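*Asks:* Curious how this folds, go ahead:
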Amino acid sequence: MTAAAETRKFEAEVDQVLHLVTHSLYSHKEIFLRELVSNASDACDKLRFESIGNPDLLAGDPELRIEVSWDRDARTITVRDTGIGMDRDEVVANIGSIASSGTRRFLEALGQDRKADARLIGQFGVGFYSAFVVADRVTVLTRRAGTPAEAGVKWESDGRGEYTLGPATLEARGTTVVLHLKEGEDEFLDGWKLRSLVRKYSDHVAFPIRMPKEAPAAGDDKDKDKQEPGTQWETANDASALWTRPKPEITDEEYRNFYKSLGHDFNDPAAWSHNRVEGSQSFTTLLYLPSQPPFDLLMGARDERKGLKLYIKRVFIMDAAQELLPAYLRFVRGVVDADDLPLNVSREILQQNRQLEKIRGACIRRVLDLIEKLSRDEPEKFAAFIKAFGNTLKEGIVEDPGNRERIAKLLRFASTKSEGEERTVSLDDYIARMAEGQDAIWYITADGHRAAAGSPQLERFRAKGIEVLLMSDRIDEWMLGHLHEYAGKPLRHVAKGELPLDEAEKKRQEEAAQAAAPLLERIRSLLGEAVGEVRVSARLTDSPSCLALSEWEMAPHLAHLLREAGQDVPQRKPTLEVNPRHALLQRLLGEHDDARAADLAHLLLEQAQLAAGAPLADPAAFVQRVNRLLG
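*Replies:* Numbering: from 1, shown residues only. Next up, the predicted model:
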């Protein structure tokens, strides 16, 4: 006896949940098509799985496919699949209650020995209700595979708390979802728009997604995908994900073309890595290193996340999944396709779990492996890559302590033994050519390469043949606050703390300080509160003065930058180091005019501040002072 149509109330407080779905849950209205196609793909997956043991389920139509069509006059969008379909009880369980998961019930119905294979099957759940984002009425017609035409079911609802359920005679198995669009949603009644959404979200679904041809040529009867009289169908999706194919079957040109379509980049990638991981958590990664940075890859664009696309069983889930790669690798493009991952109720946001941590860790390792391989095998490409993305990579020194040593190994820096800013060295190269007895990696930071290379604080190191790394990017001071050593060697700033001296050097330094005691005292009295300390420098050989910093003190150029950005940076009285042998110091020592002596003392401090990148408190007074001394 055929069941009569009836009206039922939704379970699980559907009124509130539907309101959430339609108003808050989805960030883009167009997501509805992805969800419906995803559910259709799940239904095809289920039938493919069940037909292994029961081939008769495919009788009458062996092809598994999805069809998307629209009717401008009726203002409807229809998504149909030839998948497993549902009987009346399954409709009530899967659609009548948002709290119920079709896949969970499907898995529970399977024997324990088949669950491992069934984990590939997706979820028919809350995503269906995304239809109400654009529709004010949704109709579902469905018949389970293996049942007669009279066993069909019709479900319909306006999403306001009730649905109607009744019998239907359906010639074909599977499910048809008809969306009756709300006013103002006419953009989705355009074939080009729907095709673009299919390509964007579902291009790599494993089953063909067919759409009606628009304005077919007269007499064209070549399309074998015709599903009903008067309608010609064409496949709108690729239905063959490049990353799922065996690597030997994919040419380099295919990899490059896929990258260009994936990242909207006209340039070839610098390198790529394609891997499949099998086990308790199976997933595929296809990762690319760009050769050129996008225009928005700036510190200010860190929130504009771009990068990896996440798929679950070839169904597109999200762009730039933040959980898959850390921010310092945001330049990486590519795809992660997992067999299963837990999503939140909208299937847009990943939930944190061990599976996700495993994929994230694998992605980070693959990217760092890829960069290391590029540095070994293609040094010219690597040099271009590190010039483009080196500063972004430096963020990883702070953000990823577990990979700090690996990241540091990839960085490149200018040095006092490289000619020009373009020639750089690695930390390993630096260590390999350290001077005899040298036990630290020395560096200097400045607001520009010329300022670093010309710093008076380098004079003693140059005289002793000790190489110094020239750090001139604004991120360097921040990065070096977390990179304290590399390969067992401490990193030390040439201007910070006391220089290591041997016994003979210590003795000469003490003798110079004693001999210069009257000069140092006079400078202190002339400068007063402008300085914290005045001492003889072990750093200078040619220049008259420089600033010295305590071990943990911020470099002056960075402190100035942060203050300009509104940060509260404590003011510190500078430590002035002087070279008593310099003619300017000798002149100050013999100057009997206190006013001119004061000008000379302040000039020593101000030129040291300028060389260190610190702003002058009174530039006009500095100019007047120079003019008086030159006059």
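*Asks:* Excluding chain neighbours, give the residue nearest to residue 195 in space.
*Replies:* Leaving aside its sequence neighbours, residue 195 sits nearest to residue 236 (C-beta to C-beta, 6 or more residues apart in numbering; 5.2 Å). The C-beta positions use only the backbone N, C-alpha and C, and glycine is treated the same way.
*Asks:* Next, the contact list for the one you found, please.
*Replies:* 68, 195, 198-199, 209-211 (C-beta atoms under 8 Å, 6 or more residues apart in numbering).
*Asks:* Apply 7 Å and report the result again.
*Replies:* Contacts for residue 236 (C-beta atoms under 7 Å, 6 or more residues apart in numbering) come out as 195, 198-199, 209-211.
*Asks:* Make CSV out of these and add neighbour count.
*Replies:* As requested, the contacts of residue 236 are arranged in CSV below (neighbours: other C-beta atoms under 10 Å):
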residue, neighbour count
195, 17
198, 22
199, 16
209, 25
210, 25
211, 20
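*Asks:* what separates the helix or strand encompassing residue 559 from the chain centre, distance-wise?
*Replies:* Using DSSP states H and E, residue 559 sits in helix 556-564. Centre-to-centre, helix 556-564 and its host chain are 28 Å apart (C-alpha atoms, centre = their mean, to the nearest Å).
*Asks:* Show the subsequent helix or strand relative to that helix.
*Replies:* Per DSSP H and E, the first helix or strand lying C-terminal to helix 556-564 is strand 575-578.
*Asks:* Can I get that next one as PDB, trimmed to CA atoms?
*Replies:* What follows is strand 575-578 as a C-alpha-only set of coordinates in PDB (Å, rounded to 0.1, in the frame of the first residue of the first chain):
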ATOM      1  CA  THR A 575      76.700  54.600  25.500                       C
ATOM      2  CA  LEU A 576      79.300  56.600  23.500                       C
ATOM      3  CA  GLU A 577      82.500  54.900  22.600                       C
ATOM      4  CA  VAL A 578      85.400  57.000  21.300                       C
END
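*Asks:* Which strands border that strand, and is each parallel or antiparallel?
*Replies:* Here strand 575-578 has these sheet partners by DSSP bridges: strand 533-536 (parallel), strand 545-548 (antiparallel).
*Asks:* which stretch among those comes nearest residue 160?
*Replies:* strand 545-548 (72.6 Å; C-beta to C-beta).
*Asks:* Report the buried residues of stretch 278-298.
*Replies:* 281, 283-292, 294, 297 (16 or more other C-beta atoms under 10 Å).
*Asks:* For that stretch, give the mean pLDDT please.
*Replies:* For stretch 278-298, mean pLDDT is 80.
*Asks:* Give me the distance between it and the centre of its chain.
*Replies:* From the chain centre to the centre of stretch 278-298 is a distance of 9 Å (C-alpha atoms, centre = their mean).
*Asks:* in the stretch 101-250 of the chain, which spans are strands?
*Replies:* 135-143, 152-157, 162-168, 174-181, 209-212, 233-235 (DSSP state E, counting those that start in this stretch).
*Asks:* Give me the distance between the spatially most central residue of the chain and residue 323.
*Replies:* Centroid-nearest residue in the chain, with C-alpha atoms, centre = their mean: residue 330, separated by 3.0 Å. Using C-beta to C-beta, to the nearest Å, residue 330 is found at 13 Å from residue 323.
*Asks:* Poorly predicted segments of the stretch 401-550 of the chain, please.
*Replies:* 419-422 (pLDDT under 70).
*Asks:* now with 80?
*Replies:* Applying pLDDT under 80 to the stretch 401-550 of the chain flags the ranges 418-422.
*Asks:* all strands of it, in order?
*Replies:* Per DSSP E, counting those that start in this stretch, the stretch 401-550 of the chain carries strands over the ranges 414-415, 441-445, 469-471, 485-486, 489-493, 533-536, 545-548.
*Asks:* ok, the fifth one: who's next to it in the sheet?
*Replies:* Just to be clear, that refers to strand 489-493. Here strand 489-493 has these sheet partners by DSSP bridges: strand 441-445 (parallel), strand 485-486 (antiparallel).
*Asks:* confidence score at residue 603?
*Replies:* Confidence score, pLDDT, at residue 603: 95.
*Asks:* how many other residues sit next to it?
*Replies:* Neighbour count for residue 603, taken as other C-beta atoms under 10 Å: 19.
*Asks:* Residue 438 is nearest to which of the strands of the stretch 101-250 of the chain?
*Replies:* Nearest of the strands of the stretch 101-250 of the chain (C-beta to C-beta): strand 209-212, 65.0 Å.
*Asks:* Grab the CA positions of the closest one and hand them over as PDB.
*Replies:* Taking C-alpha atoms only, strand 209-212 is exported to PDB below (Å, rounded to 0.1, in the frame of the first residue of the first chain):
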ATOM      1  CA  ILE A 209      29.000  17.000 -14.100                       C
ATOM      2  CA  ARG A 210      26.700  17.600 -17.100                       C
ATOM      3  CA  MET A 211      25.000  20.800 -18.000                       C
ATOM      4  CA  PRO A 212      22.700  21.700 -20.900                       C
END
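*Asks:* what does that strand contact?
*Replies:* 37, 65-69, 191, 194-195, 198, 202, 225, 231-237.
*Asks:* mind putting the strands of the stretch 101-250 of the chain in JSON lines, distance to residue 47 included?
*Replies:* Formatted as JSON lines, the strands of the stretch 101-250 of the chain follow (distance: least, C-beta to C-beta, whole Å):
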{"stretch": "strand 135-143", "distance to residue 47": "12"}
{"stretch": "strand 152-157", "distance to residue 47": "16"}
{"stretch": "strand 162-168", "distance to residue 47": "19"}
{"stretch": "strand 174-181", "distance to residue 47": "8"}
{"stretch": "strand 209-212", "distance to residue 47": "16"}
{"stretch": "strand 233-235", "distance to residue 47": "19"}
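*Asks:* JSON lines please, covering the ones you listed and showing mean pLDDT.
*Replies:* Formatted as JSON lines, the strands of the stretch 101-250 of the chain follow (pLDDT from 0 to 100):
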{"stretch": "strand 135-143", "mean pLDDT": "95"}
{"stretch": "strand 152-157", "mean pLDDT": "95"}
{"stretch": "strand 162-168", "mean pLDDT": "92"}
{"stretch": "strand 174-181", "mean pLDDT": "97"}
{"stretch": "strand 209-212", "mean pLDDT": "96"}
{"stretch": "strand 233-235", "mean pLDDT": "94"}
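*Asks:* right, so of those strands, which gets closest to residue 49?
*Replies:* Among those, strand 174-181 sits nearest to residue 49 (C-beta to C-beta), with 15.0 Å.
*Asks:* Quick one: residues contacting residue 384.
*Replies:* Applying C-beta under 7 Å, 6+ apart, the residues near residue 384 are residue 291.
*Asks:* count of residues packed around residue 446?
*Replies:* 26.
*Asks:* residue contacts, it?
*Replies:* Residue 446 neighbours (C-beta under 7 Å, 6+ apart): 452, 455, 472, 557, 613.
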